[in-house]
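Asks: Fold the following.
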Amino acid sequence: MPRRARHYLAGMPYHIVQRGNNRQRCFMKYADYEFYLKLWRVHASAFDVHVHAYCLMTNHVHFLLTPQHKDSISRVTRIVGSNYASYINKKYERTGTLWEGRHRASLVQTRRYFLTCQRYIELNPVRAYMVNTPEEYLWSSYRENALGARGWMQPHAEFLALGESVAARREAYMQLFDKPVNRHQLTLIRSATHSCQPVADNRYKKELKEKYGLRIGRLRPGQPRKNGDGVRMGTEAIL
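Replies: All right, here's what the predicted structure looks like:
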């Protein structure tokens, strides 16, 4: 029986992470990165997903995006992941799964953590000692967001609020990278990603529970519970 699509809050930003199975490489050559991004360009538009930032690491990917419909994320990640896996299997004459199960998703508190999460994503190659500065890495959105490289993403309102002009926004954005993401913020984002919980403070989490009836906090081991609509609510189904 096919899995139910997970539903998200339309108009809310999410940090999406998907890893290679057994942490194996997902990208072997430049052409692989290019093909994967092409899939995202085509299908993000088709399924009405606004992509704000991304970073393709060798064995996992990060995206910061806003779905315009509750099933947009599920649909775009499913078709991109499936098409890319078929491409890799055919190109490298391999079989079996490429991805480590389904993607993980964390709703991001907009004003407090959106730009922090965007920096976190684009600084991944620097923290991994792959490059010294984010602009050196070819497979992230930093060049488009900070340097004005031609791209396909849609800037979020928090990014647009950095300045009245394009030049002012880029300058302000680059200045955010003068300091690394601090340890507390790193821990918060990583923990939220691992458990598919919001990147948010406690007050905002309370608001999410009260306004949308969302279950916040890890579920206990065992059979995932169902919500009022009969949808399974395992840890990866919450937000």
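
Asks: Ser140 bridge partners, please.
Replies: Cys55 (DSSP bridges).

Asks: What separation do you get for it and Val61?
Replies: Using CB to CB, to the nearest Å, one obtains 10 Å as the distance from Ser140 to Val61. Bear in mind the C-beta positions are built from the backbone N, C-alpha and C, glycine included.

Asks: How are the helices of the chain distributed by residue range?
Replies: 30-46, 72-91, 110-122, 124-127, 142-147, 157-160, 166-176, 183-195, 202-212 (DSSP state H).

Asks: Where among those helices is average confidence lowest?
Replies: Mean pLDDT is lowest for helix 202-212 among the helices of the chain, at a mean of 91.

Asks: counting contacts, what elements does that helix pack onto?
Replies: For helix 202-212, there is no helix or strand it packs on, judged by 3 or more CB pairs under 8 Å, 6 or more residues apart in numbering; DSSP states H and E.

Asks: Tell me what angle it forms with helix 110-122.
Replies: Calculated by axes from the mean of the first three to the mean of the last three CA atoms, to 10 degrees, helix 202-212 forms an angle of 110 degrees with helix 110-122.

Asks: circling back to that earlier point, right, and the helices of the chain - which one's nearest Glu136?
Replies: helix 124-127 (7.8 Å; CB to CB).

Asks: Buried ones in that closest one, by neighbour count?
Replies: 124-126 (16 or more other CB atoms under 10 Å).

Asks: End to end on stretch 133-141, go ahead and measure it.
Replies: Stretch 133-141 has an end-to-end distance of 13 Å (CA to CA, to the nearest Å).

Asks: er, stretch 141-156 actually
Replies: Terminal-residue distance, stretch 141-156 (CA to CA): 13 Å.

Asks: who touches both of Ser140 and Val61?
Replies: 54-55 (CB atoms under 8 Å, 6 or more residues apart in numbering).

Asks: The buried residues of helix 124-127 into a markdown table, with extra columns for distance to Leu98?
Replies: What follows is the buried residues of helix 124-127, written out as a markdown table (distance: CB to CB, whole Å):
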| residue | distance to Leu98 |
| --- | --- |
| Asn124 | 20 |
| Pro125 | 21 |
| Val126 | 26 |
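
Asks: and the gap between the residue lying farthest from the centre of the chain and Lys29?
Replies: The C-alpha centroid of the chain is most remote from Glu93, which lies 28.8 Å away (CA atoms, centre = their mean). Per CB to CB, Glu93 is found 14 Å from Lys29.
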